[in-house]
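**Student:** I need the structure of the sequence given here:
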Amino acid sequence: HRCHTLLFLISVLAGTTLTSGQVSSPRLNIFTSQSQVYSLLHGAANRRSRSHQGIMRGYIRNQYPSPYNTLQTRHFPYNTLQRSTKFMYSVGSGPEPALYSSASDVTRNDLGEGETSEAMCKIIKAVERACIDVSNALARVSIDRRTGDQGDINVQGEKQKKLDVYANEVMKKALFETGVVAALATEEEENIILPTPTVNQGPLFAVAFDPLDGSSNIDCSVPTGTIFSIYKVPGKKSNDPESTSTNPFLQPVTSIVASGYVMYSSATSLVFSVGKGTHILSLDPDTKKFVLTSARVRVPDRGPFYSLNEARYFDWPKGLQKYISDVKQGHGTWGKKYSSRYVCSLVADVHRTILYGGWAGNPRPHLRLLFEAAPLSFLLDQAGGKGSDGSRPILSYTPASLHQRLPVFLGSVEDIEELESYGEVQQGAATYEA
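**Tutor:** A predicted model of the protein is given here:
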């Protein structure tokens with residue numbers, strides 16, 4: 001039955017008819033591996049769309065999981081193909097995009113067709129192109145002698161790495177080339193950046209980004225990432241230089257229309273949302289294209305992990321000390337003993353949190369609202385999670401300046417709310433050498 005079903009599916013996809021005599025073919029039998037099935041599917045590429053192939057592949061994986069596919073277990077509830085788990089119910093609305101579809105297809109699926117949707121696709125494509133360049137540069141960082149500091153200090157008072165500068169320039173160039181971006185803000189520069197010549201037709205957007213989060217880890221090959229958020233540019237309403245028409249980044253955080261990050265690790269992943277759920281795409285190293293691997297992921301309501309620099313324990317306020325002490329001993333509301341997981345690369349810590357639950361953050365007013373806290377809180381919210389400063393939602397903020405800082409806690413709703421219930425969890429400003 002299994003063999004006949006596979007033959008039927010492949011024959012439909014390939015536009016061919018397989019006879020019963022071909023069932024015994026050594027190319028396809030009950031022990032056929034997924035890769036062998038994929039090779040047969042690949043032969044139909046010129047006769048059926050890539051999205052059709054993606055649907056068929058997903059069906060075969062779901063119906064006939066390989067014994068070697070260890071991801072399809074209850075320990076990995078984020079796996080999109082494991083439909084039976086409670087974690088896979090969509091947070092967003094609308095039809096679910098097909099697996100292996102592109103970011104543009106996912107965007108059109110969520111937003112529908114139209115001028116705004118196409119403009120958003122241009123921006124997402126620009127982010128993809130830039131981040132593929134950054135991913136390649138990171139893979140060659142030692143070979144091309146790009147380790148170490150650039151020698152400059154950025155607006156944050158931090159030493160710039162060579163790849164900080166490279167990633168910043170690549171992102172700016174790619175985004176302005178879209179023709180729909182009217183303003184940029186980057187963590188590496190003090191003021192907003194306007195295109196030359198200015199853009200004034202069609203739907204216009206402003207993009208804020210952190211070109212290379214966690215760049216202090218570059219030289220030791222720890223995961224890093226690029227974070228971005230997209231705002232619609234309001235109409236001209238005021239001559240005030242601080243108005244949102246002049247500085248579109250001073251809008252309430254709830255004005256974000258899309259956000260995401262690209263994580264550079266053993267795999268390069270694009271995680272983004274246009275307001276209809278959070279999606280995960282993976283960079284195919286063969287085609288150099290991002291393809292959808294998990295649609296509308298959901299952050300578990302709880303997770304047995306917390307992520308922050310525990311070496312600062314004695315500098316924390318009493319509320320945070322008590323919370324950490326309680327959950328480590330299993331004295332929290334959940335009753336489970338929590339474990340510490342800390343990469344010191346925010347994108348990596350948040351990515352793990354989206355998949356496994358728990359929370360990641362920094363109790364000091366250290367992370368930037370516009371470049372880190374707001375875009376990641378938007379993503380978490382779209383996945384059923386929560387972003388907080390320890391007492392109020394990040395999404396309730398309106399930036400007072402481009403580089404405003406604040407304490408940040410990002411993760412599972414029930415874990416964040418329990419943390420907030422301990423009262424004083426925000427540490428005062430402090431500077432550390434390491």
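
**Student:** Which residue ranges of the chain form helices?
**Tutor:** 2-14, 34-42, 50-63, 103-111, 115-139, 162-176, 318-329, 346-356, 374-382, 413-420 (DSSP state H).

**Student:** and Gly202, which of those is closest to it?
**Tutor:** helix 115-139 (6.4 Å; C-beta to C-beta). C-beta: built from backbone N, CA, C; applies to glycine.

**Student:** got the helices of the chain as CSV, with mean pLDDT, distance to Ser339 and mean neighbour count columns?
**Tutor:** Converted to CSV, those look like this (pLDDT from 0 to 100; distance: least, C-beta to C-beta, whole Å; neighbours: other C-beta atoms under 10 Å):
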stretch, mean pLDDT, distance to Ser339, mean neighbour count
helix 2-14, 51, 40, 16
helix 34-42, 43, 33, 14
helix 50-63, 42, 30, 18
helix 103-111, 97, 33, 21
helix 115-139, 97, 28, 20
helix 162-176, 96, 31, 21
helix 318-329, 98, 8, 17
helix 346-356, 98, 10, 24
helix 374-382, 98, 20, 28
helix 413-420, 98, 13, 20
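
**Student:** Using JSON lines, lay out the ones you listed together with distance to Ser215.
**Tutor:** Formatted as JSON lines, those follow (distance: least, C-beta to C-beta, whole Å):
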{"stretch": "helix 2-14", "distance to Ser215": "44"}
{"stretch": "helix 34-42", "distance to Ser215": "36"}
{"stretch": "helix 50-63", "distance to Ser215": "34"}
{"stretch": "helix 103-111", "distance to Ser215": "24"}
{"stretch": "helix 115-139", "distance to Ser215": "10"}
{"stretch": "helix 162-176", "distance to Ser215": "5"}
{"stretch": "helix 318-329", "distance to Ser215": "27"}
{"stretch": "helix 346-356", "distance to Ser215": "11"}
{"stretch": "helix 374-382", "distance to Ser215": "17"}
{"stretch": "helix 413-420", "distance to Ser215": "27"}
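
**Student:** Determine which of the ones you listed approaches Lys232 most closely.
**Tutor:** Between the helices of the chain, helix 115-139 lies closest to Lys232; by C-beta to C-beta that is 8.3 Å.

**Student:** ok, back up a step: relative to Pro393, which of the helices of the chain is closest?
**Tutor:** Nearest of the helices of the chain (C-beta to C-beta): helix 374-382, 7.4 Å.

**Student:** Check the offset of that closest one from the chain's centre.
**Tutor:** Its chain's average C-alpha position is 9 Å from that of helix 374-382, according to C-alpha atoms, centre = their mean, to the nearest Å.

**Student:** so where do the strands sit in the protein?
**Tutor:** 149-153, 159-161, 181-186, 205-213, 224-232, 256-264, 268-273, 278-284, 289-297, 305-307, 339-340, 359-368, 386-388, 405-411 (DSSP state E).

**Student:** Just say which of these is most tucked in.
**Tutor:** strand 205-213 (a mean of 27; mean count of other C-beta atoms under 10 Å).

**Student:** quick check: angle from that strand to strand 359-368?
**Tutor:** Orientation check (axes from the mean of the first three to the mean of the last three C-alpha atoms, to 10 degrees): strand 205-213 against strand 359-368 gives 110 degrees.

**Student:** Would you list the strands that strand 205-213 pairs with, along with their directions?
**Tutor:** strand 181-186 (parallel), strand 224-232 (antiparallel) (DSSP bridges).

**Student:** Export the longest one to CSV, keeping only CA atoms.
**Tutor:** Pointing back at strand 224-232 there. The C-alpha trace of strand 224-232 is given here as CSV (Å, rounded to 0.1, in the frame of the first residue of the first chain):
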residue,chain,number,x,y,z
THR,A,224,25.2,36.1,14.8
GLY,A,225,22.2,37.8,13.1
THR,A,226,20.7,40.7,11.3
ILE,A,227,17.5,42.3,12.7
PHE,A,228,15.1,44.5,10.8
SER,A,229,11.7,46.2,11.1
ILE,A,230,9.5,47.9,8.5
TYR,A,231,7.3,50.9,9.0
LYS,A,232,4.9,52.6,6.6
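
**Student:** between that strand and helix 346-356, how big is the angle?
**Tutor:** Using the same axes, to 10 degrees: strand 224-232 against helix 346-356 is 80 degrees.

**Student:** closest to Ser388 out of the helices of the chain?
**Tutor:** helix 413-420 (5.2 Å).

**Student:** Between the helices of the chain, which one is closest to Phe205.
**Tutor:** Across the helices of the chain, Phe205 has its closest neighbour in helix 115-139 (6.2 Å, C-beta to C-beta).

**Student:** would you list the strands of the chain in TSV and tack on mean pLDDT and distance to Tyr422?
**Tutor:** Formatted as TSV, those follow (pLDDT from 0 to 100; distance: least, C-beta to C-beta, whole Å):
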stretch	mean pLDDT	distance to Tyr422
strand 149-153	72	37
strand 159-161	81	35
strand 181-186	96	34
strand 205-213	97	28
strand 224-232	97	28
strand 256-264	98	28
strand 268-273	98	29
strand 278-284	98	28
strand 289-297	97	28
strand 305-307	98	12
strand 339-340	98	17
strand 359-368	97	11
strand 386-388	98	12
strand 405-411	98	11
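
**Student:** Pipe the strands paired with strand 205-213 into a markdown table and attach distance to Glu420 per row.
**Tutor:** As requested, the strands paired with strand 205-213 are exported to a markdown table (distance: least, C-beta to C-beta, whole Å):
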| stretch | distance to Glu420 |
| --- | --- |
| strand 181-186 | 29 |
| strand 224-232 | 24 |
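
**Student:** Look up how far Val106 lies from Leu379.
**Tutor:** 14 Å (C-beta to C-beta, to the nearest Å).

**Student:** roughly how far apart are the residue most central in space within the chain and Lys288?
**Tutor:** With distances taken as C-alpha atoms, centre = their mean, the residue of the chain nearest its centroid is Val271 (2.6 Å). Going from Val271 to Lys288 by C-beta to C-beta gives 18 Å.

**Student:** picking up where we left off before, now for the residue nearest to the centre of the chain: which residues touch it?
**Tutor:** 260-263, 278-281, 351, 354, 379 (C-beta atoms under 8 Å, 6 or more residues apart in numbering).

**Student:** can you do 6 Å?
**Tutor:** 260-261, 280 (C-beta atoms under 6 Å, 6 or more residues apart in numbering).

**Student:** Now tabulate those residues in CSV and tack on distance to Phe305.
**Tutor:** As requested, the contacts of Val271 are exported to CSV (distance: C-beta to C-beta, whole Å):
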residue, distance to Phe305
Gly260, 22
Tyr261, 19
Ile280, 19
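
**Student:** This completes my enquiry, with thanks.
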